[in-house]
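Visitor: here is a sequence with its predicted model. Questions after.
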Amino acid sequence: MKLVNIGFGGMVARDRILAVLSPDSAPIKRMIQDVRERGTLIDASFGRKTQAVLVMDSGHVVLSAQTPEAIEETVEKGDESDA
């Protein structure tokens, strides 16, 4: 299992990420509110502004203070090291 750094010491399993989204649109904000009410929201932003929303295959949603681009770079870097 490969882990991806999502900022400030937070890590998620790379193979379990379905999508990395920006939190700015209204549908994403509604999704965050829905999963918060269901209890499947993981806030890994550590009190900072949320820059990325990670949708996991388990139905959990993870909030990160890193940008989606920075997370993408980390994931791609991990893919290169696997080769």
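Guide: Now that the structure is in, tell me what you want to look at.
Visitor: contacts for the helix or strand bottoming out on mean pLDDT in the chain, please.
Guide: Least confident helix or strand, the chain: helix 68-82 with a mean of 82, by mean pLDDT, DSSP states H and E. The contact list for helix 68-82, computed with Cβ atoms under 8 Å, 6 or more residues apart in numbering, reads 2, 4-7, 14, 17, 20-22, 51-52, 54, 64. For the C-beta atoms, the positions are set from N, CA and C on the backbone; glycine is no exception.
Visitor: want to throw these into TSV with neighbour count?
Guide: As requested, those are exported to TSV (neighbours: other Cβ atoms under 10 Å):
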residue	neighbour count
2	12
4	22
5	17
6	25
7	19
14	15
17	17
20	21
21	17
22	13
51	20
52	23
54	23
64	28
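Visitor: and the helices in the chain, which stretches?
Guide: 26-38, 68-82 (DSSP state H).
Visitor: buried set for the least confident helix or strand of the chain?
Guide: Neighbour counts using 16 or more other Cβ atoms under 10 Å place 68, 70, 71, 74 of helix 68-82 among the buried residues.
Visitor: got a pLDDT number for the residue nearest the centre of the chain?
Guide: The centroid of the chain falls nearest to residue 54 when counting by Cα atoms, centre = their mean (2.7 Å). On pLDDT, residue 54 comes in at 98.
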